[in-house]
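# pasting a predicted model and its sequence here:
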Amino acid sequence: MGRSRANVRYPLMLTLLGFAMIATFLVLIMMKKMSPIAALVLIPAAFCVFVGKGAKLGDYVIDGVTGLAPTAAMLMFAIVYFGVMIDVGLFDPIVRGILRFCKADPMRIVVGTAVLAAVVSLDGDGSTTFMITVSAMYPLYKRLKMSLVVMTGVAAMANGVMNTLPWGGPTARAATALKVDAGDVFVPMIPALAVGLLAVLVLSYVLGVRERRRLGMLAPDEVLVTEKEPETVLVGAGGTGSVTADSPTAAGGSEDADDERFAALDPDRPTLRPRLYWFNALLTVALLTAMIMELLPIPVLFLLGAGLALSVNFPHIPDQKARLAAHADNVLNVSGMVFAAAVFTGVLQGTGMVDHMATWMVDVIPEGMGPHMALVTGVLSLPLTYFMSNDGFYFGVLPVLAEAGAAHGVTPLEMARASLVGQPLHMSSPLVPAVYVLVGMAKVEFGDHTRFVVKWAALTCLVVLAAGVLFGTV
């Protein structure tokens, strides 16, 4: 009897500690009591020791690092590649085209951010989407002194909706886990996902109008002129607090670093390669096409692309070293964050916390909700895909939910479609490496991004779910 009670109590303890670990992490980074890297490493290590599995911490971390090492490699060389493309001026026409369209209107810029992120998301990779979007839009936000958190939030939500494309990952996972066709899952969801994307655009309009009221409008020529005075970095969407870039607490770092970013619009910068523009454009198109067609693993593609871009655009070794040094800060921040996240995910999975958390959430579903299991799955996908990896949710939790739904006549296709609802929120999860690319390149604190985006992303998810119910696909 004593052993039986202990067996019951231990899973419950792991469940509670799992939620406590995640809550502790989120609270500390949103209150800015710890940096994300420190919190991702130290908090799970402390909880691992607390549950009595400190001796296995090394194994958990190695397992986590092994799983995320290809992602870290991909991000390192992708940042170098797109950094070089920014240096040589590949995205300058995009920035200037967007500027002419937006006419230095904050509302149009925010909506343009959502449209750009959605379009680039067609390649199916969140990291690439964020690198291109931030590279194009960052100078505009900085020059107009717009909230950078608005940019990261809108980009993350737009990418989250588009991440449901069959080649984006979640749809393929859901189809594989439930043994159904990915096309049968995705195609009927298109109307609901279109409503979700429309909701993101409407939200972008509202946030843009709020930014316009706060900042007013500048003439395009004013935006292109480099200012020498300190820039204002706003860390809240439409917030009232601000810090100057030469302040120790500035979200954007030093004034020199910001000036280097503003140089992306300088038509006379020495790194421009106008004669190689079409080579760089074709190389980028070929790289993205190879990614979509899965000709080679993505880390290998970016490794080859970065090497080729450096060698052709900067044939002299000192110039190559200078370009690598210029982007070393981003590379170190993002790759360091990914490896730190590996500690967090390794402990969650290794100790069994994530499994017990998922089991507990499934067990608390009332029996009477069985006929509505697709709706329940859609609601549960919000917290579960935020606190878990996509693999953990789709291969670990979804089959259990689908089995419960099958007993009440809910089809696997309905369950698979409902499971996609949480993706707009998932893309801002601390367990998603791409989000660190987004906040790192945008010079935004992860806690500020989280505090801003969670409520809007959750609302977008619920809009998609409601549309799915209305259209009869969920």
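Alright, I've got the coordinates.

# what ranges does this structure have for its strands?
Applying DSSP state E to the chain gives strands spanning 232-233, 243-244.

# mean confidence score for the first one?
It refers to strand 232-233. Across strand 232-233, the average pLDDT comes to 31.

# with stretch 77-93 instead?
Stretch 77-93 shows a mean pLDDT of 83.

# what sits up against it?
Stretch 77-93 is contacted from outside by 127-128, 131-132, 135-136, 264-265, 267, 269, 271-274, 276-277, 280-281, 284, 287, 299, 302-303, 305-306, 309-310, 313-314, 323-324, 326-327, 330-331, 334, 437, 441, using C-beta atoms under 8 Å, 6 or more residues apart in numbering. All C-beta atoms are positioned from the backbone trio N, CA, C, and that covers glycine.

# again, only this time at 7 Å
With contacts defined as C-beta atoms under 7 Å, 6 or more residues apart in numbering, stretch 77-93 is touched by 127-128, 131-132, 135-136, 264, 271-274, 276-277, 280-281, 284, 299, 302-303, 305-306, 309-310, 313, 323-324, 327, 330-331, 334.

# from those, which ones fall inside helices?
Among these, the ones falling in helices (DSSP state H) are 127-128, 131-132, 135-136, 277, 280-281, 284, 299, 302-303, 305-306, 309-310, 313, 323-324, 330-331, 334.

# ranges for the helices of the stretch 1-150 of the chain?
2-30, 36-50, 57-88, 92-102, 106-120, 126-143, 148-162 (DSSP state H, counting those that start in this stretch).

# can you lay out these as JSON lines showing distance to His372 and mean neighbour count?
JSON lines is the format used below for these (distance: least, C-beta to C-beta, whole Å; neighbours: other C-beta atoms under 10 Å):
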{"stretch": "helix 2-30", "distance to His372": "24", "mean neighbour count": "15"}
{"stretch": "helix 36-50", "distance to His372": "35", "mean neighbour count": "20"}
{"stretch": "helix 57-88", "distance to His372": "35", "mean neighbour count": "20"}
{"stretch": "helix 92-102", "distance to His372": "44", "mean neighbour count": "16"}
{"stretch": "helix 106-120", "distance to His372": "31", "mean neighbour count": "23"}
{"stretch": "helix 126-143", "distance to His372": "31", "mean neighbour count": "25"}
{"stretch": "helix 148-162", "distance to His372": "24", "mean neighbour count": "29"}
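
# can you tell me which of those is nearest to Gln423?
helix 148-162 (4.7 Å; C-beta to C-beta).

# so what does the closest one touch, helix or strand wise?
The contact analysis (3 or more C-beta pairs under 7 Å, 6 or more residues apart in numbering; DSSP states H and E) places helix 148-162 against helix 106-120, helix 126-143, helix 190-215, helix 423-426, helix 433-441, helix 446-470.

# tell me the buried residues within the contacts of stretch 77-93.
With burial judged by 16 or more other C-beta atoms under 10 Å, the buried subset of those is 127-128, 131-132, 135-136, 264, 271-273, 276, 280, 284, 299, 302-303, 305-306, 309-310, 313, 323-324, 327, 330-331, 334.

# need the nearest residue in space to Leu178, chain neighbours excluded.
Counting by C-beta to C-beta, 6 or more residues apart in numbering, Pro412 is the residue found nearest to Leu178 once chain neighbours are left out, at 4.2 Å.

# by mean pLDDT, point me to the weakest helix or strand of this protein.
Ranked by mean pLDDT, DSSP states H and E, the weakest helix or strand in the chain is strand 232-233, scoring a mean of 31.
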